[in-house]
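A.B. asks: this one's structure only:
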């Protein structure tokens, strides 16, 4: 037996067996054998979920390294089909080499394509949604070992659920993404006050294709980022400046700052004031995936909720007031992003334009009640928790905020009646 631990180090498991199938057919054999043995099965990616969604417990753990092939790149159709275990950074580079790109991305690219889509990984966008919303077709291996292909016209009900399936319906073996010709983004990053951001929030999200900001608790300061398509020419950050600001300062130095804050909590407000002033204004233009993503090496735990867009500024003001009247010492900034409504059954943006509000704690930092109280605030506004980030919601709550929750659980009953893919997390969020 080999222990498994996620990236943040807050989830672990000791599976009875670890396997690395090299094809959908081999994967089917793994599932059939596990079912015969009465064991559960979980597939894991890069371990970037903070919840136990990928925990195999003492069941069978499926590693992704054998499912990383590039099956087809169809320029005419505007699609690429890849194995489910392919990391996003490899997908981005192979697309760039072919003069192609995903439409939108999250802010890191270390996850596998299946891990990212199955948990609802998203970036920020006025018109473009999550990675799962960019899926055009799927290949998935069901509990009986059968290999099924699904799309809007082939097994459409399975497609509707499996694009963002939490690993509850089967093991995804390949994904077909919609892609487009490669494009440049111009990023404009600038400091701004909290009130300025909230007063202009509707304009910022309407005028810019991609808008996000970070608020530094214990301050009135934010760092904003506006990304918009550009005709060029490319004007990337100089290599040294990129390393200094996005790697050395944002990771190496930030790690040290967080350690000081963990050791001396009383120093956190002063540290926050200094850190908020370290983010200077800058503009650069580069390939989309290089603008969307950046290295994230400092380890933390995270909670993120999607709230209706019309409630966002109210929630953010309440969150700031909550921090100000507490004794908490929060070293990490609060991250705020947007997404348009989509039709994925378990998407946090299903049926409503949404704003994502994420709170973080440096690894090893006492929770202090921060996540608990933030969650109360989010759920008071019909918030939907990110499936891969910490939360305590259960099926009773989630069924009330997802219009198609019953459709998904009915599909699960159909394709996995024996709960081959169940674990404690799925039992909590989906029910038995």
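C.D. replies: Good, I have the coordinates. This structure is a prediction, so every number in the text was calculated from the model and none was measured.
A.B. asks: Extract the residue ranges of the chain that are flagged as low pLDDT.
C.D. replies: Within the chain, the segments meeting pLDDT under 70 span 1-2.
A.B. asks: Spatially central residue in it, please.
C.D. replies: residue 121 (2.8 Å; CA atoms, centre = their mean).
A.B. asks: isn't that one right next to residue 388, touching?
C.D. replies: Yes: between residue 121 and residue 388 a contact is recorded at 7.2 Å, counting by CB atoms under 8 Å. C-beta coordinates here come from the backbone N, C-alpha and C atoms, glycine included.
A.B. asks: still on that earlier bit, return the residues in contact with the residue nearest to the centre of the chain.
C.D. replies: 106, 111, 115, 130, 131, 132, 388 (CB atoms under 8 Å, 6 or more residues apart in numbering).
A.B. asks: Out of those, list just those in strands.
C.D. replies: With strands defined by DSSP state E, no entry of those lies inside them.
A.B. asks: and which of the residues you listed is nearest residue 14?
C.D. replies: Taking CB to CB as the measure, residue 14 lies nearest residue 115 of the contacts of residue 121, at 20.3 Å.
A.B. asks: does residue 90 sit in a helix or strand, and which one?
C.D. replies: Secondary structure from DSSP states H and E places residue 90 in helix 88-97.
A.B. asks: What is that helix packed up against?
C.D. replies: Applying 3 or more CB pairs under 8 Å, 6 or more residues apart in numbering; DSSP states H and E, we find helix 88-97 packed against strand 79-83, helix 113-118, helix 288-292.
A.B. asks: neighbouring contacts of the very next helix or strand once past the second one?
C.D. replies: Stepping forward along the backbone from helix 113-118, the first helix or strand reached (DSSP H and E) is strand 135-141. The list of residues contacting strand 135-141 from outside it, by CB under 8 Å, 6+ apart, reads 24, 27-28, 31, 79, 81, 117, 147-151, 154, 158-159, 162-163, 165, 169-178.
A.B. asks: neighbouring strands for strand 135-141, and are they parallel or not?
C.D. replies: Partners of strand 135-141 in the sheet, by DSSP bridges, are strand 147-150 (antiparallel), strand 171-178 (antiparallel).
A.B. asks: can you give me how far it is from the chain middle?
C.D. replies: Taking the mean of its C-alpha atoms, strand 135-141 sits 19 Å from the chain's own mean (CA atoms, centre = their mean, to the nearest Å).
A.B. asks: now it and strand 79-83, what's the angle there?
C.D. replies: 30 degrees (axes from the mean of the first three to the mean of the last three CA atoms, to 10 degrees).
A.B. asks: picking up where we left off before, mean neighbour count and distance to residue 238 for the helices and strands packed on helix 88-97 - can I get that in a markdown table?
C.D. replies: Below are the helices and strands packed on helix 88-97 laid out as a markdown table (neighbours: other CB atoms under 10 Å; distance: least, CB to CB, whole Å):
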| stretch | mean neighbour count | distance to residue 238 |
| --- | --- | --- |
| strand 79-83 | 21 | 31 |
| helix 113-118 | 28 | 30 |
| helix 288-292 | 22 | 14 |
